[in-house]
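Engineer: just the structure for this:
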Amino acid sequence: MTQTSVATAPMSTTGSPAIDFVSVHKGFGRGASAVQALDGLSLSIPRGVVYGLLGPNGAGKSTLLRILAGLLRPDRGEVRIFGDAATPAGRRRLGMLIEAPSFYPFLTAREHLRILADSSATSSLVEPVLKRIGLQKAADKAVSGFSLGMKQRLGIGCALVTEPEAIILDEPTNGLDPDGILEMRALIHDLVHRDGLTVLLSSHLLDEVERVCDRVAILQHGRLIAEGAVADLLDQEGRFWLRVDHPDGLVTQLDGRGQAADGGVYVRIDQSEVPDLIRSLAVSGVRIHEAKWIKPDLETVFLSQTREMK
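Structural biologist: Next up, the predicted model:
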């Protein structure tokens, strides 16, 4: 996908959030078979960030996005878009790619974009969007001959061509090869940090989420169990590791806070307490050969948070 600018409305990272979910409830079924997909979920998506929505299957992610898109109604609660209650007019400020994109197989990529652009008076964006999603050469081919990755790119283009202020993406790298994933990552980064949009994305590829997102929310059983800047969440879940002469002796000395592993000892401790621990161990005669704070990846944080809630 080439880096071609698409004009967008000026955005601000201040003021009301881009999207607000306020105590949203949604259940399916009745009686013993009833399922509570969203259980009073409240979540704010700031303007001008890439925001990741994470959770295991059944956590409520798809239900939340479908409510945002107006495909489902919440049982209780409120959705607000740029400070106003969600309405059809408000949703036109969003570009959405929810679940797998569907197209008319006999129409071309250019024709799909033109139909959407004509409805939004943004016809001038068709060619720039085709360049940006890397479909210029295939623009006049019927979509029936497109690969899954090409259809995913066209879905992104359909979300962009109406000149939205925020983009909602469900599994945006689905079907893309490694090069396509890199290009999608660059596109999402540019949409936010160059064009000033807000991007809310849901993905199971935690490594990609860690690379591209500024903030993330982790859902479980329809509730919010963790939220914050990616860097902050990783810092909170970090572990301190020491390589010493006698690991078993140090485990005993730490009285339940240490665990021998990987040729040393992991210590359950806040990062702010590390200097005092090193000082006290040195005074007590412990020979420390190596000490480091190990930051986990987002997958480790995700598994830690979701397993605690089972």
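Engineer: what is the longest helix anywhere in the chain packed up against?
Structural biologist: In terms of residue count, the longest helix belonging to the chain (DSSP state H) is helix 178-193. Packing partners of helix 178-193 (3 or more CB pairs under 8 Å, 6 or more residues apart in numbering; DSSP states H and E): strand 50-54, helix 148-160, strand 198-202, helix 206-212. Glycine gets a C-beta too; all of them are placed from N, C-alpha and C.
Engineer: cutoff 6 Å now
Structural biologist: strand 198-202 (3 or more CB pairs under 6 Å, 6 or more residues apart in numbering; DSSP states H and E).
Engineer: give me the residues contacting the strand it packs on.
Structural biologist: Identification of contacts with strand 198-202 by CB atoms under 6 Å, 6 or more residues apart in numbering yields 18, 45, 47-48, 50-53, 61, 166-170, 172, 188, 191-192.
Engineer: next: stretch 74-89.
Structural biologist: Ser16, Ile19, Asp20, Phe21, Val22, Ser23, Val24, His25, Lys26, Gly27, Ile67, Gly90.
Engineer: could you do stretch 35-50 as well?
Structural biologist: 11, 13, 17-29, 51, 60, 63, 188, 192, 198-200, 212-215, 217, 222-224.
Engineer: tell me the mean pLDDT over it?
Structural biologist: Regarding stretch 35-50, the rounded mean pLDDT is 95.
Engineer: tell me the buried residues in it?
Structural biologist: For stretch 35-50, burial by neighbour count (16 or more other CB atoms under 10 Å) applies to 36-39, 41, 43-50.
Engineer: returning to what we had before: out of the contacts of stretch 74-89, which is nearest to Val161?
Structural biologist: Top of the list for closeness to Val161, among the contacts of stretch 74-89 and by CB to CB, is Gly90 at 18.8 Å.
Engineer: ok, Asp20 - how many residues close by?
Structural biologist: 20 (other CB atoms under 10 Å).
Engineer: what residues are up against it?
Structural biologist: By CB under 6 Å, 6+ apart, the neighbours of Asp20 are Ser44, Arg80.
Engineer: tell me which element it is part of?
Structural biologist: Per DSSP states H and E: Asp20 is located in strand 19-28.
Engineer: that strand versus strand 198-202: what angle between them?
Structural biologist: 30 degrees (axes from the mean of the first three to the mean of the last three CA atoms, to 10 degrees).
Engineer: buried ones in strand 19-28?
Structural biologist: Ile19, Asp20, Phe21, Val24, Lys26, Gly27.
Engineer: avg pLDDT for it?
Structural biologist: Mean predicted confidence for strand 19-28 is 96.
Engineer: for stretch 210-220, same thing?
Structural biologist: 93.
Engineer: just the strands in the stretch 201-310 of the chain please.
Structural biologist: Ranges of strands within the stretch 201-310 of the chain are 215-220, 223-229, 239-244, 258-261, 264-267, 288-294, based on DSSP state E, counting those that start in this stretch.
Engineer: reformat those strands as JSON lines; add mean neighbour count.
Structural biologist: Formatted as JSON lines, those follow (neighbours: other CB atoms under 10 Å):
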{"stretch": "strand 215-220", "mean neighbour count": "23"}
{"stretch": "strand 223-229", "mean neighbour count": "16"}
{"stretch": "strand 239-244", "mean neighbour count": "18"}
{"stretch": "strand 258-261", "mean neighbour count": "15"}
{"stretch": "strand 264-267", "mean neighbour count": "20"}
{"stretch": "strand 288-294", "mean neighbour count": "12"}
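Engineer: want to throw these into TSV with distance to Gly77?
Structural biologist: Formatted as TSV, the strands of the stretch 201-310 of the chain follow (distance: least, CB to CB, whole Å):
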stretch	distance to Gly77
strand 215-220	15
strand 223-229	13
strand 239-244	37
strand 258-261	42
strand 264-267	41
strand 288-294	39
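Engineer: how many other residues sit next to Cys280?
Structural biologist: For the record, residue 280 is Ser, not Cys. Ser280, neighbours per other CB under 10 Å, totals 11.
Engineer: please apply the same query to Thr122.
Structural biologist: So Thr122, with other CB under 10 Å, has 19 neighbours.
Engineer: one more: the one 5 residues further on?
Structural biologist: Neighbour count for Glu127, taken as other CB under 10 Å: 14.
Engineer: wait, is it part of a strand?
Structural biologist: No: per DSSP: H, G, I helix; E, B strand; the rest coil, Glu127 lies outside any strand segment and is helix.
Engineer: what's the separation between the residue nearest to the spatial centre of the chain and Ala69?
Structural biologist: By CA atoms, centre = their mean, the chain has its centre lying nearest to Gly52, at 1.5 Å. Distance of Gly52 to Ala69, given as CB to CB, to the nearest Å: 18 Å.
Engineer: same deal with Leu254?
Structural biologist: With distances taken as CB to CB, Leu254 is found 51 Å from Ala69.
Engineer: related to what we said a few turns ago, looking at the strands of the stretch 201-310 of the chain, which is nearest to Phe146?
Structural biologist: Taking CB to CB, strand 215-220 is the member of these nearest to Phe146, at 30.8 Å.
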